[in-house]
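**Q** how would this look folded up:
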Amino acid sequence: MTDKKPKNMSIAIDPEMKALLSVSAKKLGCSVSELFRTLVNKHLDLVISDDEVIPIILKVPSNLKGKPEELQSWFDARVNMIVKKLGEAS
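**A** Next up is the predicted model:
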């Protein structure tokens, strides 16, 4: 039987990153450890994947919420750029 209990691990991070993690965890209502585990899992899912996919992550400006025409224009510009880049021969 595998031990599913979390194991402690020490990491060294700069004070600015620690502060960002603390603020983010508080905003999300979780512990820094929980947030860190979630972030690492998401990263590993992107990097170590059996899928034949290219992950694309977009950060959408919050000021576009509720503005469908502007949001569509914003997405169209990004999609066109992504298609152009992925369509280029490597």
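
**Q** can you list the residues that contact the least confident helix or strand in the chain by mean pLDDT?
**A** Counting by mean pLDDT, DSSP states H and E, the chain has its least confident helix or strand at helix 32-47, which shows a mean of 90. With contact meaning Cβ atoms under 8 Å, 6 or more residues apart in numbering, helix 32-47 is reached by 6, 18, 21-22, 24-25, 28, 30, 55. From N, CA and C alone the C-beta is placed, and that goes for glycine too.

**Q** make it 6 Å
**A** The contact list for helix 32-47 (Cβ atoms under 6 Å, 6 or more residues apart in numbering) reads 21-22, 24-25, 55.

**Q** where are the low-confidence patches of this structure?
**A** Residue ranges of the chain with pLDDT under 70: 1-2, 90.

**Q** Going along the chain, name the helices of this protein.
**A** Secondary structure of the chain (DSSP state H): helices at 15-28, 32-47, 68-87.

**Q** Type out the PyMOL command that picks the buried ones from the contacts of helix 32-47.
**A** The buried subset of the contacts of helix 32-47, as determined by 16 or more other Cβ atoms under 10 Å, is captured in PyMOL by this line:
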select buried, resi 21+25
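
**Q** what's the farthest-apart pair in the contacts of helix 32-47?
**A** In those, two members sit farther apart than any others by Cβ to Cβ. They are 22 and 55, at 27.1 Å.
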